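Kindly generate the corresponding structure for this input.
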Amino acid sequence: MFRGVTLGLRRQWGQGGLWQRLRAGGTDTRQPTRLGLTLATNRKAASTSTTGTATRPTVHLHVNRRVVEVPEGASLLQAVRAAGVEVPALCNHPRFPARAVCRLCLVEVSDTDNSGANTNAATDAKNTAAAAAAAAPTKTVPACATPARNGVWVETASASLKSFRRSDAELLLARHPNECLRCEASGNCKLQDLVRVYELEDRWPKVERSSTAHPEHALHDHTSPAIQRDMDKCIECGLCVDACGPLGQNINAIGFAERGGAQLPVTVFDLPLSETECISCGQCTWVCPVGALVEKPAWHDVAEVLSDRKRVTAVQVAPATRVAIGEAFGLAPGDVSTGRLVNALRSLGFDYVFDTNFAADLTIMEESAELLQRLEGRRGPLPLFTSCCPGWINYVELSRPDLLPHLSTAKSPQQMHGAMTKRGPFAHRLAAEQGEGHDAHLGGGDTQTKTSPYIVSIMPCTAKKDEALRPSGAGDIDAVLTTRELARLVKAKRVPFASLPNDGAFDSPLGESTGAAQIFGASGGVMEAAIRTAVHAAGLSNQPLDVRALRGVAPGVKVAHVEGIGEVAVANGIASAIKLLSTDDWRTRFKMIEVMACVGGCLGGGGEPKSDDPDILMKRAQGVYSIDQRKTVRRSHENAEIQRLYRDFLGAPLSDTAEDLLHTTYAPRHSPRDLVGRFVAAIDRRDGRAAAALFEPDGVLEVGHSQVLVGPDAIGSYVETELDPQPVPPPQRRHTFAEPASHDSLVVNAPNGRTYGFDAQLGPNGRIARLVSSPSPRNP
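The predicted structure is shown next:
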């Protein structure tokens, strides 16, 4: 069947349309796209969940002579896998409709004369049906895009199919660089798996992925703080386009351009990813079957710090990580591996292992207090939007700055934990120990250099890498690793994760948490946790502990009524939030709205282990809620360590100390306010390189009208050499905007208590052309 095609490969390889012609057997469902915007289609996703199949109609068919029963509407690919037969499919993902472009899942199908025949009949009837099938015409179809039908006979392993799959996969290799040893996806790459299983070879000359006719399509883009694009590794599966487009997040930052051999996923108008409206959610990296899209790796730097043993190291672990990390080591989805995870981190060499859930409880204390103040008309407009999800915050700052006044000023648990670890009592205790020369983790001695702890967070989210660089929080987290990155580090250090005892415990005091904190990992969890504490603070006792109306992993908007507060909503996925915000009904209907950019919440984050399990989010959610159910303390305000922290250090929610450490401000992205905020954040951490990068090549900085610095080099040098060195630990107070909810105010409160006004002019490249700083008349 494929012989004529494969024999002519070498002769026709250089012609632009060969790639598509070779792989055009069957129906091609790829849709035309341009300028990164997917054109509207009427494709419908077939249901992939087998939940509740007892009440659904089923179909019976044969796969390689095995009788298979699957739900009506299932694809042939699902039927094949239900039979235990392995057929490769690089472009298929259960979350999206089949594209059928890789062609690796082609199967041969024939019909019997009696499609409604009982497949459980006697042996002679089976033989008769098999003979009828052998005599029937055979059709080659893509299994992923073909519905299963009663009585169909499916062949997956004929000689012609095997030959085609090998040729097809080897042609993919011809356009793929041999960089497996250095690729971040190595060991978790479907193409690499094909090479190993089928022993594929480089039989064809290597062909450059770039196009001389379209040099504007950059192959490599590492400008984003969260995501790396290496399009020379792309196999054109289209899953990233689906994940970012109307079928997924509806952000439309990437999409297909060109046709034929020049086709390539590109950013809108070929802008660097950092200059698009990408929210860093990382869903494109989660569905990419190869290494074309990966999170920006930081685990190599962490491994080096752990090996050097020159700094005290502390790590915090997000709630969604503990129910997903086991998947990378063969454990069941949703397996609660908290103890194993703690033990693995200690084996890697971390001095302190903390729980992000501690800061989740802290977040609820601050956010609930903020909600009550807004209900009383004392702090900003209603409804209050949650601020835990950095992908959501990125969306608001990039696309909906009109919503900024509605955002909670409470930092996310990651950033709260980082502030408490780097600038709170823990950091002061470490500094005192170093000063006395008896820090056990550094080995003691007077020769030790006094340094702040090296703080690492383990997150299910690629956007957390972006968040760690935000003004008012930059420097509190030294490195963010996704769950996938941690798995790579554990494997690289040969830590036997799956066989570790599941009994590890977090360090105190930044490791104690409640059940409310754990459900932060699921969509609706932040809202449910906030309700548990808000109703208590408001003196309402009739609200049930579990708000099941807010649970569930399906995309959409979930609504619940809370006695004494009103209606609240949960937008599960940024696309659902965009739809909710498309009208003004939310402005008057709801008192509080939770938004999680990724469907399912953090447990569906772009940094979680990749999975083709259609029920993966549900299984992880079950793990999250099982932890909550087993907790003896399930309300954030009942956390004894949180109570002690407020009593001994913070004072009360929304106190001045809490505002300094636990709250933040916002700005429309790329605005003067945004750039000034990033500049003063660089000043706080004495980061001359970051400060210099904000200025145009001939940018000017005027300091108090007495000192004029011209050019990024002079400005960077001033920050690093002329300002007093940053103390250890860093001061609790940092530069903050005097008007948190303003779009354009450039008045800044300095750590020394004085107030300064800035005048910023932007240049043609969107950077600062001139920045003037002067004392504000507000100063006493």
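
Please tell me how far Val480 sits from Arg65.
Between Val480 and Arg65 the distance, using C-beta to C-beta, to the nearest Å, works out to 51 Å. The way it works is simple: take the backbone N, C-alpha and C, and place the C-beta from them, glycine included.

Next: Gly711.
75 Å.

With Ala79 instead?
Ala79 is 13 Å from Arg65, by C-beta to C-beta.

Tell me which of the two has more neighbours.
A direct count of neighbours by other C-beta atoms under 10 Å for Ala79 and Arg65 places Ala79 higher, at 28 against 12.

His220: neighbouring residues, count only.
His220, neighbours per other C-beta under 10 Å, totals 10.

And for it, nearest residue in space, chain neighbours not counted?
Leaving out its chain neighbours, the residue that sits closest to His220 by C-beta to C-beta, 6 or more residues apart in numbering is Asp230, at 5.6 Å.

Regarding that neighbour, what are the backbone dihedral angles?
Main-chain torsions, Asp230, degrees, to the nearest 10: phi -130, psi 90.

That one touches Cys288, doesn't it?
No - with contact defined as C-beta atoms under 8 Å, Asp230 does not reach Cys288; the gap is 10.2 Å.

Comparing these two, which shows the higher neighbour count?
Cys288 (26 against 21).

Tell me the spacing between that one and Asn502.
Counting by C-beta to C-beta - Cys288 and Asn502 are separated by 31 Å.

can you pull the buried residues of the longest helix belonging to the chain?
For the chain, the helix with the greatest residue count under DSSP state H is helix 356-375. Neighbour-count burial for helix 356-375 flags 356-372, 374-375 (criterion: 16 or more other C-beta atoms under 10 Å).

Tell me the secondary structure at the most centrally placed residue in the chain.
Central residue of the chain (C-alpha atoms, centre = their mean): Gly606, 2.7 Å from the mean position. The assignment at Gly606 comes out as coil when based on DSSP: H, G, I helix; E, B strand; the rest coil.

Okay, the closest residue to it other than its chain neighbours and Gln622: tell me how far apart.
Residue nearest to Gly606 in three dimensions, not counting chain neighbours: Gly282, with 2.2 Å by C-beta to C-beta, 6+ apart. Separation of Gly282 from Gln622 (C-beta to C-beta) stands at 23 Å.

neighbour count winner among those two?
Per other C-beta under 10 Å, whichever of Gly282 and Gln622 has more neighbours is Gly282, with 34 against 17.

Quick one: residues contacting that one.
By C-beta atoms under 8 Å, 6 or more residues apart in numbering, the contact set of Gly282 is Ala226, Ile227, Glu295, Cys461, Thr462, Ala463, Thr482, Gly605, Gly606, Gly607.

how about a cut-off of 10 Å?
224, 226-227, 243, 288, 293-296, 391, 460-466, 482, 484, 597-598, 605-608 (C-beta atoms under 10 Å, 6 or more residues apart in numbering).

Mark which of those are part of helices, please.
Ala243, Gly391, Ala463, Lys464, Lys465, Asp466, Arg484.

The closest residue to the fourth one other than its chain neighbours: neighbour count?
Translated: Lys464. Excluding its sequence neighbours, the residue lying closest to Lys464 (C-beta to C-beta, 6+ apart) is Val480, at 4.9 Å. Neighbour count for Val480, taken as other C-beta under 10 Å: 29.

and Val342, how far is that from Arg322?
9 Å.

got any residues that touch both of these two?
Common contact partners of Val342 and Arg322 (C-beta under 10 Å, 6+ apart): Asp355.

Buried ones in stretch 204-216, by neighbour count?
Counting neighbours by 16+ other C-beta under 10 Å, one finds that the buried residues in stretch 204-216 are Trp204, Arg209, Ser211.

From these, which land in strands?
Using DSSP state E, no member of the buried residues of stretch 204-216 falls in strands.
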